[in-house]
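S.K.: Give the three-dimensional model of this entry:
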Amino acid sequence: MVLLAIVLSAASCAGSLYKVKPAIELLPLPESAKGASAGGVTIRAVPLLSDEESQDLFEANLPLSGILAVRVDLVFESGLAVEIKRARFRLRDAEGKEWKLVSAKAAISQVLNANEVYTYNPNSRKQFEKEFAVYAVDLKEPLSDSDRRRQGFLFFQTPKKEPVANPQGLVLSVEGLPQRVEIPLK
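M.R.: Numbers count the residues shown, from 1 in each chain. From the prediction side, this is the model:
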C-alpha cells in the first residue's frame with residue numbers, strides 16, 4: 001500500500017512545474033507595439049508588464065520574480081541576409097540603469113528562487129524549461145528571403161533582481177545589425 005502511494009505521488013509530479021500555454025496560441029503583437037527599421041530588418045517590441053499576462057502564458061508571475069519579458073518581432077525587409085546572432089539587445093530605464101538580458105533557463109531559475117521553489121521533480125523542471133524556452137526568440141539563424149520573420153521573447157532581469165514595479169522610460173536598443181536602433185517601450 002505504501003509503495004502504491006509513493007508511485008502515485010511520483011507519477012503526479014511528472015508534468016511541468018508550471019502549466020505553460022502552447023506557443024501556437026500566442027496572439028499577434030498589438031498595433032500599439034513600437035518599432036524601428038535597421039538596415040533590412042524591422043523590429044517591433046512590447047513589454048509584458050502585467051502579472052496577468054505573465055500568468056496567462058507561463059502560469060508564473062515573471063514581473064514579481066524580477067524578470068521582464070519583452071516580446072519582439074523581427075521581419076526581414078530586403079537585401080542580403082541579416083545575421084541576427086551578432087545583435088546585442090540592451091534594455092535601460094529612465095534612470096539609465098541597464099537591465100541584464102538573461103537566457104530562458106536563467107529566467108526560470110529566477111522565477112523558482114523568487115517563489116522559493118527548491119524541491120521539485122527534476123523531470124518537471126526540464127519539462128517547464130522546454131515549454132518555456134519555446135517562447136524565446138531564436139537569434140541563431142540569419143533572416144533572409146527564405147526565413148523572413150522571427151517572433152518570441154527576450155528576458156531581462158531588473159538591475160537589482162527586485163520585482164518589476166512600473167518601470168519608466170524603458171528603451172530597447174539593438175546593436176550589431178547594419179544600423180543601431182532604439183525603441184522606446186514605455
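S.K.: what ranges do the helices span in this protein?
M.R.: In the chain, the segments counted as helices under DSSP state H are 2-12, 51-58, 104-114, 122-133.
S.K.: Out of these, which gets nearest to Phe156?
M.R.: helix 104-114 (8.9 Å; Cβ to Cβ). (C-beta placed from N, C-alpha, C; glycine too.)
S.K.: Which positions in the closest one come out as buried?
M.R.: Across helix 104-114, burial judged by 16 or more other Cβ atoms under 10 Å covers 104, 107-108, 110-112, 114.
S.K.: try stretch 90-106
M.R.: 91-93, 99, 102, 104.
S.K.: will you turn those residues into CSV that also has distance to Ala33 and pLDDT?
M.R.: CSV is the format used below for these (distance: Cβ to Cβ, whole Å; pLDDT from 0 to 100):
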residue, distance to Ala33, pLDDT
Leu91, 15, 96
Arg92, 19, 95
Asp93, 19, 93
Trp99, 19, 96
Val102, 22, 96
Ala104, 21, 92
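S.K.: any idea which of these is the one closest to Lys160?
M.R.: Nearest to Lys160 among the buried residues of stretch 90-106 is Trp99, at 10.3 Å by Cβ to Cβ.
S.K.: The closest one against Val70, yeah?
M.R.: No - look at Trp99 against Val70 with Cβ atoms under 8 Å: they stay out of range, at 9.4 Å.
S.K.: so where's the chain shaky on pLDDT?
M.R.: For the chain, applying pLDDT under 70 flags the ranges 1-19, 21-26.
S.K.: What segments of it are strands?
M.R.: 34-37, 41-48, 67-76, 88-92, 98-102, 149-157, 171-175, 181-184 (DSSP state E).
S.K.: In TSV, list the ones you listed along with distance to Pro163.
M.R.: Shown next, in TSV, are the strands of the chain (distance: least, Cβ to Cβ, whole Å):
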stretch	distance to Pro163
strand 34-37	24
strand 41-48	14
strand 67-76	9
strand 88-92	16
strand 98-102	13
strand 149-157	11
strand 171-175	20
strand 181-184	22
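S.K.: quick one on the thing from earlier: now the common contact residues for Trp99 and Val70.
M.R.: By the contact definition Cβ atoms under 8 Å, 6 or more residues apart in numbering, Trp99 and Val70 are jointly contacted by 91, 156.
S.K.: Just say which of the helices of the chain is most tucked in.
M.R.: Compared across these, helix 104-114 shows the largest average neighbour count, a mean of 19 (mean count of other Cβ atoms under 10 Å).
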